[in-house]
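Visitor: Predicted model and sequence below, questions to follow.
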Amino acid sequence: MKKQILVFSALWALAVSSAMAQLANSYPADRGIEKDPDVLYVEKFDDGMENILSRYTDIINKEGMSLDTDVPPGSKDPYSIRMTSKQGINEGGHLFKRFNKGFDSTVYVRYYVKYPALSKGYFHHEGVWFGGYNPATNWPDPRAGTGGLGDKRLSIAYENMWQGDYPGMDTYLYWGDMKGSARGLYYGNVMITQGRTTWEGAPTGTPPVDTLDQWMCVEIMIKLNNPVTSYNGELAIWQNGVKVGHWGPGFPNGYWYADKWVNSPSHPPFEGFRWRTDPNLIINWVWFEFYHDKKDAPSSYIKFDHLVMARKYIGPLKLSTHEKK
């Protein structure tokens, strides 16, 4: 019996490990990852600005973008992209891409981002957003402040939400069943919220933080609800390969405090996401966003690299054998 238990345990561990096997492990430094049948889109910013810009359907402040030789650890490619803002002149810039066919079911988005310390206290919307519009558009159409739209809009982001010595990271979500604020306003919902002691009953603790001036690996998984009447949608987030949150039908326990989800073991389980109410609302865009718009914000920048969109977990860049030694 003991032997059988050990065998079962080993098989179970293998099954769990296989289920979360990193796609990146098969492609050290992401070399050739774009050829994998489970990969949907790759952006490495390594084939020149003219080619890069040609892939995007809406561009703001291309003059403030350049290629930078600062790349994430484990990368063997020559460049990342650097987007800039100039105080009193512009609010940053962006690259927006529409996918004509789009992607249904489950999508993983992994990317690297570097936030500079000089932006501390001035972060607004800075990161990679992705989602769907129905009908699809060639430009961002977030319709900030508007709730509902379960048949028309879906937007997922993970970015600097909480200011401090090290800004706290959190989600910023728009979807059909999103919650309004205490004042009845509809702006992106947050799901992590640890360390926010200003809310009644909010747990104490340390939120995932942005270690400024260092490359950070972010990965987001969305599982769209199917059928569209069901609440079986999911969301998961990893930061530098560590899962910082996973929400789906029946997990985790907690409650909504206005537009903020608070994880709390003593409360009922999360019902799951009904991301959409129309099957035509699928993932059909990705947006590199640098919106540095506070009036007194200093001139600043952000860097992006190694974005991969896929049907399975990607994981951080895989180091080559000689780099591990």
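Guide: That came through, no problem.

Visitor: Where does the prediction get shaky in the chain?
Guide: 1-20, 194-206, 321-325 (pLDDT under 70).

Visitor: again, only using 90
Guide: Along the chain, segments meeting pLDDT under 90 span 1-21, 161-166, 181-184, 193-207, 257, 262-265, 293-296, 319-325.

Visitor: residue boundaries of the helices in it?
Guide: With DSSP state H as the definition, the chain shows helices at residue ranges 2-19, 49-54, 321-324.

Visitor: G176 and S119, how far apart?
Guide: Distance, G176 to S119, by CB to CB, to the nearest Å: 32 Å. Heads up, the C-betas are built off the backbone N, CA and C, glycines and all.

Visitor: ugh, wrong one, I meant M216
Guide: Counting by CB to CB, the gap from M216 to S119 is 14 Å.

Visitor: Give me the more crowded residue out of those two.
Guide: S119 (24 against 20; other CB atoms under 10 Å).

Visitor: Nearest residue to D77 in space, please, no chain neighbours.
Guide: Distances taken as CB to CB, 6 or more residues apart in numbering put D46 closest to D77, at 4.6 Å, once the chain neighbours are dropped.

Visitor: Confirm for me that the one you found is in contact with Y79.
Guide: Yes - between D46 and Y79 there is a contact at 5.4 Å, judged by CB atoms under 8 Å.

Visitor: Looking only at neighbour counts, state which of these two leads.
Guide: Taking neighbours as other CB under 10 Å, D46 and Y79 compare with Y79 leading, 21 against 18.

Visitor: wait, doesn't the more buried one sit right on S66?
Guide: No - judged on CB under 8 Å, Y79 makes no contact with S66 at a distance of 9.1 Å.

Visitor: can you count the residues close to G131?
Guide: The burial count for G131: 24, using other CB under 10 Å.

Visitor: ok, H246 touching A236?
Guide: Yes - between H246 and A236 there is a contact under CB under 8 Å: 4.2 Å.

Visitor: returning to what we had before: what residues are up against the residue nearest to D77?
Guide: Residues near D46 by CB atoms under 8 Å, 6 or more residues apart in numbering: 77-79.

Visitor: Can you tell me which of the residues you listed is nearest N138?
Guide: Y79 (25.7 Å; CB to CB).

Visitor: The closest residue to that closest one other than its chain neighbours pairs with what?
Guide: Closest residue in space to Y79, ignoring its immediate chain neighbours: L67 at 4.1 Å, by CB to CB, 6+ apart. Applying DSSP bridges to L67 yields these beta-bridge partners: I81.

Visitor: L67 and N51, how far apart?
Guide: For L67, the distance to N51 equals 11 Å [CB to CB].

Visitor: Between the two, point out the one with more neighbours.
Guide: L67 (15 against 10).

Visitor: May I have the residues that are in contact with the more buried one?
Guide: By CB under 8 Å, 6+ apart, the contact set of L67 is 45, 48-49, 78-82.

Visitor: farthest pair in those residues?
Guide: G48 and R82 (14.6 Å).

Visitor: Comparing the two, which shows the higher neighbour count?
Guide: R82 (20 against 11).

Visitor: any idea how far P227 is from the residue lying closest to that one once chain neighbours are set aside?
Guide: Among residues not flanking R82 along the chain, D68 sits closest, at 4.2 Å (CB to CB, 6+ apart). For D68, the distance to P227 (CB to CB) stands at 45 Å.
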